[in-house]
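S.K.: coords please:
(2 chains)
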Amino acid sequence: MSVTRDSTLIDQYQMQYESLLRSPEPDWLKQHRMQAFNSFMQQGLPTTTVENWKYTSLRMWQKQGFYQRPDIDTLASIQEIQLFSMLDEHSHDVVVMDGVYRKELSNVTFLPESVVLCDFAQAVQTHPLLVKQYLAKSFDLSVHPFAALCDALAQKGMVLIIPEDTVINEPIHLLFATSKNSTQCAVHLRNLIILGRNAKAEIIEHYADLHDVAYFNNVVTEVILAENAVLTHYKLEQEGNKAFHIAGVHVQQAQGSVFNSHALTLSGNFSRHDMTTRMVAPFAQCLFNGLYFTHNAQHVDYHTLIQHEAPHCNSTSLYKGILADRSVSVFNGKVVVKSGAQKTLSQQANHNLLLSNHCEANSKPELEIYTDDVKCAHGATTGHLDEDALFFLQARGLALSKARRMLIRAFANEIINNMSSDTVRRYCQSYLEMAAYE
Amino acid sequence: MLNIENLHATVDGKEILKGINLSINPGQVHAIMGPNGSGKSTLANVLAGKPGYLVTQGNIFFKGQDLLAMSVDVRARNGLFQAFQYPVEIPGVSNMSFLKAALNAKRRHFEQTEMDAMDFLSAIKAKARQMQINEEMLYRAVNEGFSGGEKKRNEVLQMLMLEPCFSVLDETDSGLDIDALQIVSAGVNSLRASHRSFLVITHYQRLLNYIVPDFVHVLADGRIIKSGNKELAQELEETGYAGVGA
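M.R.: Now for the predicted structure:
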């Protein structure tokens, strides 16, 4: 693997890591941090000669040199986050500001007593066995350099444990807001979501920028689904136009579990997402549904990896991109059907709509099959708005800008309409109307 | 209503229309017939303003105004309507929401208030019944999965909703069975009024039995070579275009 060594930046990370080793954290966590940091150092910062980073250069990110941690104060108020609230009477808003869980801004009164919701540091104290048992077990740190860095350094993030047979009907909204305290800072967030047998929940992982400053969110969200657990997970990236966002969502699915993922990137400067799931037992199913709508010089990279490791599992993946201006997108979707995973059903598609002649959509759907008796399909398209449809709409009296918006909205709506929560769907639709179509 | 003066137009650098003169008054129905490649559809597309159709000479006045100076959407909002020969499918845009947007764009243009949802719904349902269009099709994406006949009926439904003062029907009869032809014709006839005009482009005299024209013109090689009343269509049916020198 080709490696660049940005000595000052990596030295800073190393100092932070070493000071954590001297902290009062439990030994098992320190051991995990050592493993993670060693893995990060072995991998180094990936260059575009690494296949997984071929179309995504870290040059701009490196120039920024994010390592400082934000000062914590309690400036931000409820007014500032209201714009991003999805609070209707039946949702749970959990506010995390610059990485810090802000209980006084959150409303979790509707959550059942048996549900654990706390920040990572607290979970290490109160639920060490569970955290130790699951931490970084559903994915391979050695091929995810930023996840390795996150596990080495993160003290923040949210842990959510939903016990078996617990069904939560209202969405749980985790709002990760960034204030100007995070200017030029790196925030490492380690989220862990565990659903017990037959548990069911909807979780919105929402990133929002309050003050349009440059910062770096480095996030790992690990999801463990026990038998027949059902999780609908929304990842809404509403970062600011100077923000860098590198994140993994890594899932492990037991028998009969369902993971529905809806990912939406509507703003931000640079983002890289690694979304993986392992279906390790039969009859699991997953949906990977995603939309990115990019503007200006924005760069968005989605790498998805769906691993069929057991028979009778079902996966559907549909990602759509809308690119304006000089923006660049990368979609690399890989489905792996391992030996023994007979009766696999898998569909994967990526469609990109180019709104300018200067944007660039890179699309690479991949399929690796190591067994027989499976049904798998994949495909990709990239194109411009349909000229005939535009003319038709204009010939019925719609101005060109309206006609364009109508066609763009129609393209995006296929993804939005797949979202099962009315609250989230409405929020995304109004956000798209506000920010994206103009 | 519409005055075409010495109209020349090219497509891909090739001259298709070579000096058309045509005057259509309010309340009149004009039919244009002619062999394949004579320029019939080109004339329809020039009127609508389709990109790629270049007017090199001549003028078109629509209600006294310079039509060629208007953009495609402004022509439409001013009351020009083209029923397309090959209606386009638009995935993801429902028939209903598209028509509502189009209707309200036109109403705003004339500084009328937008139609509210209930009035719109009852209007479109009534017109859909008239065109024998299933209510369920109103909620489907524009023309997606519609049969050829359904697409043509959907075009006339749009015409009924938008109530244009000047409609161009571009081979609206092609691909229609006799029942659909009657429905489409009845729809068009229901709009006929002293303040509206129609230009009906067709290959066959059959349509003109249902939509009876005031004038019939024969277009050949980019020019109108003969004009007459509805009997001319009958004559063409018997002698073919060769009989009139086309």
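S.K.: can you map out the helices along chain A?
M.R.: A:7-21, A:27-43, A:59-64, A:78-82, A:120-126, A:128-134, A:145-153, A:387-395, A:400-416, A:422-431 (DSSP state H).
S.K.: So which bits of the stretch 1-150 of chain A are right by chain B?
M.R.: Taking C-beta under 8 Å from any C-beta of the partner chain as the test, the list of the stretch 1-150 of chain A residues beside chain B is empty. For the C-beta atoms, the positions are set from N, CA and C on the backbone; glycine is no exception.
S.K.: Give the closest residue to the residue in chain B positioned nearest to chain A in space, chain neighbours not counted.
M.R.: Nearest residue of chain B to chain A (C-beta to the nearest C-beta) works out as B:Gly92 at 2.8 Å. Closest residue in space to B:Gly92, ignoring its immediate chain neighbours: A:Ala410 at 2.8 Å, by C-beta to C-beta, 6 or more residues apart in numbering or on different chains.
S.K.: residues in contact with the one you found?
M.R.: B:90-93, B:141 (C-beta atoms under 8 Å, 6 or more residues apart in numbering or on different chains).
S.K.: Flag every residue of chain B that's near chain A.
M.R.: Going by C-beta under 8 Å from any C-beta, the residues of chain B near chain A are B:48-51, B:71-73, B:75-77, B:82, B:84, B:87-88, B:90-93, B:98-99, B:101-102, B:105-106, B:109, B:141, B:158, B:162.
S.K.: how about the helices in chain B?
M.R.: B:40-48, B:72-77, B:95-109, B:117-130, B:135-139, B:148-162, B:178-191, B:206-210, B:230-239.
S.K.: Redo those helices as a markdown table? Include mean neighbour count and mean pLDDT.
M.R.: Output for these, formatted as a markdown table (neighbours: other C-beta atoms under 10 Å in any protein chain shown; pLDDT from 0 to 100):
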| stretch | mean neighbour count | mean pLDDT |
| --- | --- | --- |
| helix B:40-48 | 23 | 95 |
| helix B:72-77 | 23 | 97 |
| helix B:95-109 | 19 | 93 |
| helix B:117-130 | 14 | 93 |
| helix B:135-139 | 14 | 92 |
| helix B:148-162 | 21 | 94 |
| helix B:178-191 | 17 | 93 |
| helix B:206-210 | 19 | 91 |
| helix B:230-239 | 16 | 86 |
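S.K.: would you list the ones you listed in JSON lines and tack on distance to A:Val251?
M.R.: JSON lines is the format used below for the helices of chain B (distance: least, C-beta to C-beta, whole Å):
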{"stretch": "helix B:40-48", "distance to A:Val251": "52"}
{"stretch": "helix B:72-77", "distance to A:Val251": "47"}
{"stretch": "helix B:95-109", "distance to A:Val251": "36"}
{"stretch": "helix B:117-130", "distance to A:Val251": "42"}
{"stretch": "helix B:135-139", "distance to A:Val251": "36"}
{"stretch": "helix B:148-162", "distance to A:Val251": "44"}
{"stretch": "helix B:178-191", "distance to A:Val251": "53"}
{"stretch": "helix B:206-210", "distance to A:Val251": "61"}
{"stretch": "helix B:230-239", "distance to A:Val251": "70"}
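S.K.: For A:Ile72, which of those is the nearest?
M.R.: helix B:95-109 (47.9 Å; C-beta to C-beta).
S.K.: Contacts made by that closest one with the rest, please.
M.R.: A:393, A:396-399, A:402, A:406, B:73, B:76-78, B:90, B:113-115, B:117, B:120, B:124, B:137-143, B:154, B:158, B:161-162.
S.K.: Please apply the same query to stretch B:9-28.
M.R.: Contacts for stretch B:9-28 (C-beta under 8 Å, 6+ apart): B:1-8, B:30, B:39, B:42-43, B:46, B:52-58, B:165-166, B:192-199, B:214-215, B:217, B:219, B:221-224.
S.K.: Select only the buried ones of the residues you listed in ChimeraX?
M.R.: Remark: buried members of the contacts of stretch B:9-28, expressed as a ChimeraX selection using 16 or more other C-beta atoms under 10 Å in any protein chain shown:
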select /B:1,2,3,4,7,8,30,39,42,43,46,53,55,58,165,166,196,197,198,199,215,217,219,222,223,224
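S.K.: Contacts only, for the residue positioned nearest the centre of chain B.
M.R.: Of all residues in chain B, the one closest to the mean position by C-alpha atoms, centre = their mean is B:Val168, 2.2 Å from it. Going by C-beta under 8 Å, 6+ apart, B:Val168 touches B:44, B:47-48, B:80-83, B:198-199, B:201.
S.K.: Sweet, I'm off.
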